[in-house]
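Peer 1: predicted structure and sequence below. I'll ask about it afterward.
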Amino acid sequence: MAKKPYCKPWNAGLASETPAVARAIGKLFDALDSINANIVDGQILDDIQKARLTLMDRLEAEGWTVSYQTGQLKGSDNCHVYAPGSKAGERILQDREAR
């Protein structure tokens with residue numbers, strides 16, 4: 001049996017096209033980031049951090065790039081997600097390696 005991919009866009013309509021999926025995942029990270037120690041206290045903060053790291057690690061293991069840099073290597077307050085093979089994602093990965 002073939003291994004099921006971690007994140008495979010359906011590419012069956014506008015909302016499921018790869019760029020739209022990447023934007024939606026970026027918004028998910030932004031939403032998780034918005035729940036922080038400035039607005040809540042408790043174990044939820046640890047759970048959110050674990051969830052973020054798990055999602056990020058598994059996406060990146062599959063070739064996605066998750067970054068707070070734009071494709072032009074400028075810092076951003078928002079999370080950007082780039083699909084495997086994305087030129088912007090590749091630039092970001094090269095920038096990470098160069099540091």
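Peer 2: Arrived safely.

Peer 1: CA atoms for contacts and neighbours, from now on please.
Peer 2: Fine.

Peer 1: what lies in contact with stretch 88-99?
Peer 2: Trp64, Thr65, Ser67, Gln69, Thr70, Gly71, Gln72, Leu73, Val81, Tyr82, Ala83 (C-alpha atoms under 8 Å, 6 or more residues apart in numbering).

Peer 1: redo the residues you listed as TSV? Include distance to Met1, pLDDT and neighbour count.
Peer 2: Listed next are the contacts of stretch 88-99 as TSV, based on distance: C-alpha to C-alpha, whole Å; pLDDT from 0 to 100; neighbours: other C-alpha atoms under 10 Å:
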residue	distance to Met1	pLDDT	neighbour count
Trp64	23	98	21
Thr65	27	98	24
Ser67	33	98	20
Gln69	37	97	18
Thr70	37	96	19
Gly71	36	93	18
Gln72	40	95	10
Leu73	39	96	14
Val81	29	98	29
Tyr82	28	98	27
Ala83	25	97	24
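
Peer 1: closest to Glu17 among the residues you listed?
Peer 2: When the contacts of stretch 88-99 are compared for distance to Glu17 (C-alpha to C-alpha), Ala83 wins out at 10.8 Å.

Peer 1: state the distance from that closest one to Leu53.
Peer 2: From Ala83 across to Leu53, the span is 18 Å (C-alpha to C-alpha, to the nearest Å).
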